[in-house]
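# Show me the folded form of this:
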Amino acid sequence: MHISAKADYAARALLELAREPARPLTCEAIASSQAIPFRFLKSVVGELRRAGLVRSQRGCEGGYWLGRPADEITLLDVVRAVDGELITLRGASLAGLDYPDPAAALPGVWRRIETDAATLLGATTLTALLPQGAAARREPTGAV
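Numbering: from 1, shown residues only. Prediction:
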């Protein structure tokens, strides 16, 4: 299984935002703190914003915040926001995959791996990944 750089960077950026949800963070601050290439992070944050996982505000008081409370954002949300499909085979969905005998059972294994990964990622929230005592619960406000 391959975890994309986009998914890794997206999760790390969201965890930075979840650590101190009361104040906005700039992409520069997140990139510096997590050693993520700034230009790549800007693209990733744009995808997270379109998915509603982050919100932004322009200006000197601006930056990025979580779009929902950290306990409502799962790693599955993150991966799907930036990568779409959880697992693909040579870029194609596993849904219609069918092989002739003797490999007929193999697509079922690939789909089972996808189901198990989705279950684990869907049960893992940002809050669960934060160190004990880190602030993570915050109601989103109306900034866009």
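# tell me how far the ends of stretch 78-89 are from each other?
One end of stretch 78-89 to the other measures 20 Å (CA to CA, to the nearest Å).
# buried sites along it?
Across stretch 78-89, burial judged by 16 or more other CB atoms under 10 Å covers 78-83, 86-87. C-beta coordinates here come from the backbone N, C-alpha and C atoms, glycine included.
# roughly how far apart are the residue nearest in space to the middle of the chain and residue 44?
For the chain, the residue nearest the mean C-alpha position is residue 78 (2.0 Å; CA atoms, centre = their mean). Distance, residue 78 to residue 44, using CB to CB, to the nearest Å: 10 Å.
# Mind listing the shared neighbours of the two?
Overlap of the contact sets of residue 78 and residue 44 (by CB atoms under 8 Å, 6 or more residues apart in numbering) consists of residue 10.
# one step back: ok, now how distant is the residue nearest to the centre of the chain from residue 45?
Going from residue 78 to residue 45 by CB to CB gives 12 Å.
# now residue 91
According to CB to CB, residue 91 stands 24 Å off from residue 45.
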